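Q: Sequence below, structure please.
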Amino acid sequence: MKTFVALILLGILIKSSTSMIHALRVLRTSSSQVPNFPEFVSVGVLNGLEILHCDSEIRRTEPKQEWMKRVTEDDPNFWYWTTRLCVDSVQTGKENIEKVKRRFNQTEGVHMWQWMFGCDWDDETDDITVYLQYAFDGEDFIYLNLSTESWVVVKPEALITKEKWVKSGAIQLAKQYIHKVCTVGLKNYVRYGEKTLKRTELPLVALLQKSSSAPVTCHATGFYPDTARLFWTKDGHEVLEDVDPGEILPNGDGTFQTSVSLDLSSVPSKDWDRHHCVFQLFGDKNKHVTRLDQSKIRTNGERGRKNPPTSIITAVVVVGLIIIIIAAALFYLPLYRFLFLHLSHS
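A: Just a heads-up that it's a prediction; the model follows:
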């Protein structure tokens, strides 16, 4: 699951001040016996922003960004085919879960079958890196290594799957269609959303502390893009010990949040103001600094401050986790046929 999480949360990668690597991730998840959750959910994420959504309850693919409605300029049938895939995947996902369950000698309980496809495009060199992998119950199951043109089995139970796909010649079809989707689709989506994807927004920074003996957390929210650093310094030098950095998580408005905690239990109170919380976007030389002012720390009432906005933070964390476990519809008919003919029969 760590590989899935890392790839889904990966946003724009900055190589230099003039080069961006745009990341497209398409994830679809089938689940069984999960209460109050659709049997099938699909999501498309571009540079950390959700752009497409479909599930077994709404039974249609919907744009999550206004500019994604332009997709029909290049593919008039886009919404028809992605909706068809979503609806068809409901039953396909059920069948895959049952097949893999039997291989693990499991019968009841909550189970998930996940498929992830993605590509990174360097808009300077035009290089493209492609990913295609599967997971069962949150753990890697099998994936495609394009450099060696082979299926790599992660679990012994995936050997049967590999044998079937090798015999069917699935790799050559995968190479052809996946690269077509990445080359055409990804570049078009970046073009549609260029104004949004290449913007810069700075965060609102707050200092939080649960109690007087707890670490001080620097929380930054509302920034874009998601490639940023948040760290502590003392006398202008980065603090590497007694720090606990958090993950970068999506907000519901297309921006991101993150945090970093600093344990000050061994630091005299008079020396606290020698520390600063620093936010910096990758590729940007400017640093946005917040001094550790004890009077500005929000606590659970010990200094008369309001409680930290934990309800907001919790809600965003939930959104981030849902994005990780839900699935995404594919974009082009040839790839649909490839997946159903060669990959759905695990």
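Q: In the chain, where is pLDDT below threshold?
A: Along the chain, the parts satisfying pLDDT under 70 run over 1-19, 177, 180, 301-346.
Q: Please list the residues outside stretch 47-57 that contact it.
A: 9, 11-12, 22-23, 38-45, 60-65, 68, 82-83, 86, 90, 189, 193, 196-197, 225-226, 250, 254, 256, 323, 326, 328-329 (C-beta atoms under 8 Å, 6 or more residues apart in numbering). To be clear about C-beta, it is placed using only N, CA and C from the backbone, and glycine gets the same treatment.
Q: tell me the domain boundaries of this protein?
A: Split into domains by automatic domain parsing, the chain comes to 2-196+322-343, 204-320.
Q: most tightly surrounded among those domains?
A: domain 2-196+322-343 (a mean of 18; mean count of other C-beta atoms under 10 Å).
Q: Any idea how far it is from the middle of the chain?
A: 12 Å (C-alpha atoms, centre = their mean, to the nearest Å).
Q: Quickly note the distance from the closest residue to residue 195 other than its chain neighbours to residue 51.
A: With sequence-adjacent residues excluded and distances taken as C-beta to C-beta, 6 or more residues apart in numbering, residue 195 is closest to residue 67, at 7.8 Å. Residue 67 sits 9 Å away from residue 51, going by C-beta to C-beta, to the nearest Å.
Q: Now do the shared contacts for those two.
A: Counting by C-beta under 8 Å, 6+ apart, the residues touching both residue 67 and residue 51 are residue 193.
Q: all helices for the stretch 1-150 of the chain, in order.
A: Ranges of helices within the stretch 1-150 of the chain are 2-9, 78-103, based on DSSP state H, counting those that start in this stretch.
Q: gap between residue 272 and residue 299?
A: For residue 272, the distance to residue 299 - C-beta to C-beta - is 14 Å.
Q: The helices of the stretch 1-150 of the chain: which one's closest to residue 112?
A: Among those, the nearest to residue 112 by C-beta to C-beta is helix 78-103 (7.6 Å).
Q: Helix, strand, or coil at the residue of the chain most remote from its centre?
A: Distance from the C-alpha centroid of the chain peaks at residue 270, with 41.0 Å (C-alpha atoms, centre = their mean). Following DSSP: H, G, I helix; E, B strand; the rest coil, the label given to residue 270 is helix.
Q: From residue 292, how far out is it?
A: In terms of C-beta to C-beta, residue 270 sits 12 Å off from residue 292.
Q: repeat for residue 192
A: 42 Å.
Q: Residue 32 now?
A: Relative to residue 292, residue 32 is positioned 49 Å away (C-beta to C-beta).
Q: So what touches the helix or strand where residue 289 lies?
A: Using DSSP states H and E, residue 289 falls within strand 288-291. Identification of contacts with strand 288-291 by C-beta under 8 Å, 6+ apart yields 202-203, 205, 207, 218, 233, 273, 275-280.
Q: Out of these, flag the one nearest to residue 159.
A: For those, the closest approach to residue 159 (C-beta to C-beta) belongs to residue 280, at 46.5 Å.
Q: did I read that right, that closest one in a strand?
A: Yes - counting by three-state DSSP, residue 280 is found in a strand.
Q: That one: what's it in contact with?
A: For residue 280, the contacting residues are 228-229, 286-288, by C-beta under 8 Å, 6+ apart.
Q: that older thread, restricted to strands, list the contacts of stretch 47-57.
A: In this view, these that belong to strands under DSSP state E are 22-23, 40-45, 62-63, 250, 256.
Q: which one of these is nearest residue 263?
A: Of those, the one sitting nearest to residue 263 (C-beta to C-beta) turns out to be residue 256, at 24.7 Å.
Q: Pretty sure the closest one sits against residue 227.
A: No - at 9.4 Å, residue 256 does not count as touching residue 227 under the criterion of C-beta atoms under 8 Å.
Q: Quick check: end-to-end length of stretch 130-146?
A: Start-to-end span of stretch 130-146 (C-alpha to C-alpha, to the nearest Å) is 8 Å.
Q: Just the residues contacting that stretch, thanks.
A: Contacts to stretch 130-146, defined as C-beta under 8 Å, 6+ apart, come from residues 1, 3-4, 7, 100, 104, 111-119, 150-155, 157-158, 161-162, 171, 174-175, 178-179, 182, 325, 346.
Q: Residue 179 and residue 127 touch, don't they?
A: No - assessed by C-beta under 8 Å, residue 179 is found out of contact with residue 127, at 11.8 Å.
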